[in-house]
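[1] Give me a model of this one.
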Amino acid sequence: MIHELVVENYAVVERVRIHFHPGFNLLTGETGSGKSIVVDALGLLFGGRASADMIRAGADRARISGIFDAPAGMNEEDDEILIEREILANGKSRAFLNSRPVTATVLRDLSIQLGDIHGQHDQQRLFEEDMQREILDSFGSVSSDATAKAYEELRAVQAELNQLEKQEQERLQLADLWSFQKKEIEAVGPKAGEDAELEQSKKMLANVARLQQSAGECYTALYEAPESALTGLRTAIRRLDDLCRIDSSLEETLESMRSADIALNEAANAVRDYLDRLEADPQRLEEVESRLASLDRLKRKYGPSVDELLSYLEQIRVSLSAAESAEDRSRELRERIAVLSARYEEVAAKLTAERRKVAKKLESAVEKELKPLAMESARFVVSLEKSTPSAYGSDRVVFLVSPNLGEEPRPMEKVLSGGELSRMALVLKCLTSTGPTGRTLVFDEVDAGIGGAVAESIGRRLKRVASENQVLCVTHLAQIAGFGDHHYTVEKGEREGRTVASVTELSREERIQEIGRMLAGNRLTPEVLKHAEQLLDVQ
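    Here you go, the predicted model:
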């Protein structure tokens, strides 16, 4: 719902501020007074196209702003939103939502939640096929939930299959490469930690002579030489043993030296055993170097170490396994798609059958509502055609109208006049609920070419719609004006030699005067005013 509209330097408007109310809001005035300016200004806030021709002569820009109820979940800090449009002299425009720049597309998307403008040129979504499907489903309380669930399941499986097929060529090429790499690595057969062990073996085999010399000299110094460490230690032990027989204070030292004798003897034995194992083996050295060369070739291609090489091999095996199973997965998906397609077609067929039943009821209801609105000969047809499957089924819903006897029904926007389109919109709004309540519904030219009892019927229907939504209606007919909850007049005047439009909210007495003018022009006789008052009281 809109609470306030401010229009500045727009057409003949210098500046007006209008406070709107819930319920049925009327806009009246003399022909050419500028009533359509209010509708056009709202259209700009709903994302309509802007033009520099709209700017008031002498001004460098036009500005329109509106304060609306915030759609559910949009503005947690406040229950209202501010929408602004500026039109610059160069023809460009700027849009703002809560003082932040946005595009006109954002406003158009938001307008679906805020309201609709129903007029000769602004039918908006009401006559789009998606909206017509929503109207039909809403009228008959038809749910497409089962179809949507079946469609989403089918689409998910189809998406997976499409992705598999899209990657098939690349997967086959990679599978050839992976197979080659797997064979190459497995032919060498690397083992974890093998490269480090081989490097150590190579180092030893390449230095056997040096190792033998060092180990031999070490063993001689420890054990074999007359002056070996073990010989000297044992001589010292014998001397200290003699000493301790006289002075026992060095017993502890003697025990330490005996322990050292044992350790030194074990060390000598270990060096001797090591020396016994050492022997030159050129063939083994060649084998080790050849093995290391093979591993190095693999490491240069697949990883800096054997461990990483083995990790890469495992990745290849997993990838090859996945590639080999892809065809099996594709076959499973195709079988699954066949099952899901059959299920979707089943629930979509039920939805179509339900819609066909509802369509007949909607056709009768619309034709019944149109008769008192000067469209008594109109024929309304709901066409259901086969369409591309979607979450909403396989139906293309199109509303067709034949306004006169003997004419073939055609899409309503092609055969109905502006006033007839507005009346059709009003009828559909009365019969269905196609969106959140509490929106701003603007009806322009809904009274074109009618009067009398037809006008009263339209007034009653507008009043009915206004019980759940805010209605703004531009009208020339007193019979419609009498049903309004709030009444505004648009007038043109002069200020400093220039034409200026103004908008005024009327009191009850002023409404009687204005409705009297609408009935009889400027001849406001007591009879005319009494009739005007009766129109106000009839609602």
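
[2] ranges for the helices of the stretch 101-250 of the chain?
    104-114, 129-139, 145-166, 168-188, 194-205, 208-219, 229-246 (DSSP state H, counting those that start in this stretch).

[3] For residue 41, which of the ones you listed is the nearest?
    helix 104-114 (12.9 Å; C-beta to C-beta). Placement of C-beta: from N, CA and C, glycine included.

[4] For that closest one, buried residues please.
    For helix 104-114, burial by neighbour count (16 or more other C-beta atoms under 10 Å) applies to 104, 107, 110, 111, 112, 113, 114.

[5] same deal with stretch 346-359?
    Buried, per 16+ other C-beta under 10 Å, within stretch 346-359: 347, 348, 351, 354, 355, 358, 359.

[6] any chance of these in CSV, with secondary structure, distance to residue 32 and pLDDT too?
    Compiled in CSV, the buried residues of stretch 346-359 are given as follows (DSSP: H, G, I helix; E, B strand; the rest coil; distance: C-beta to C-beta, whole Å; pLDDT from 0 to 100):
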residue, secondary structure, distance to residue 32, pLDDT
347, helix, 56, 97
348, helix, 53, 96
351, helix, 50, 97
354, helix, 50, 97
355, helix, 46, 96
358, helix, 44, 96
359, helix, 43, 96
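
[7] tell me the two of those residues that are most distant?
    Of all pairs drawn from those, the one with the longest distance (C-beta to C-beta) is 347 and 359, at 18.4 Å.

[8] Now the phi/psi pair for the residue nearest to residue 26 when sequence neighbours are not counted, please.
    Closest residue to residue 26 apart from its sequence neighbours, by C-beta to C-beta, 6 or more residues apart in numbering: residue 484 at 3.7 Å. For residue 484, the backbone dihedrals (degrees, to the nearest 10) come out as phi -70, psi 150.

[9] Which residues are in contact with residue 484?
    24, 25, 26, 473, 511 (C-beta atoms under 8 Å, 6 or more residues apart in numbering).

[10] Counting neighbours, what do you get for the residue nearest to the first one when sequence neighbours are not counted?
    Computed as C-beta to C-beta, 6+ apart, the closest residue to residue 24 that is not its neighbour in sequence is residue 466, at 3.9 Å. Here the count is done by other C-beta atoms under 10 Å, and residue 466 has 20 residues near it.

[11] mind listing what residue 466 touches?
    23, 24, 485.

[12] how close does the residue lying closest to residue 391 once chain neighbours are set aside get to residue 6?
    Counting by C-beta to C-beta, 6+ apart, residue 391 lies nearest to residue 148, which is 4.0 Å off, once chain neighbours are set aside. In this view, residue 148 and residue 6 are 42 Å apart by C-beta to C-beta, to the nearest Å.

[13] Which of the helices or strands spans residue 298?
    Element membership for residue 298 (DSSP states H and E) is helix 282-302.

[14] Which pLDDT value belongs to the residue nearest to residue 99 when sequence neighbours are not counted?
    Among residues not flanking residue 99 along the chain, residue 82 sits closest, at 6.6 Å (C-beta to C-beta, 6+ apart). On pLDDT, residue 82 comes in at 95.

[15] Repeat that for the one 4 residues further on.
    The pLDDT attached to residue 86 in the predicted structure is 96.

[16] three-state assignment of it?
    Secondary structure assignment for residue 86 (DSSP: H, G, I helix; E, B strand; the rest coil): strand.

[17] The closest residue to it other than its chain neighbours in helix, strand or coil?
    Among residues not flanking residue 86 along the chain, residue 94 sits closest, at 4.6 Å (C-beta to C-beta, 6+ apart). Assigned by three-state DSSP, the conformation of residue 94 is strand.

[18] Residue 274 versus residue 94, what's the distance?
    Residue 94 is 90 Å from residue 274, by C-beta to C-beta.
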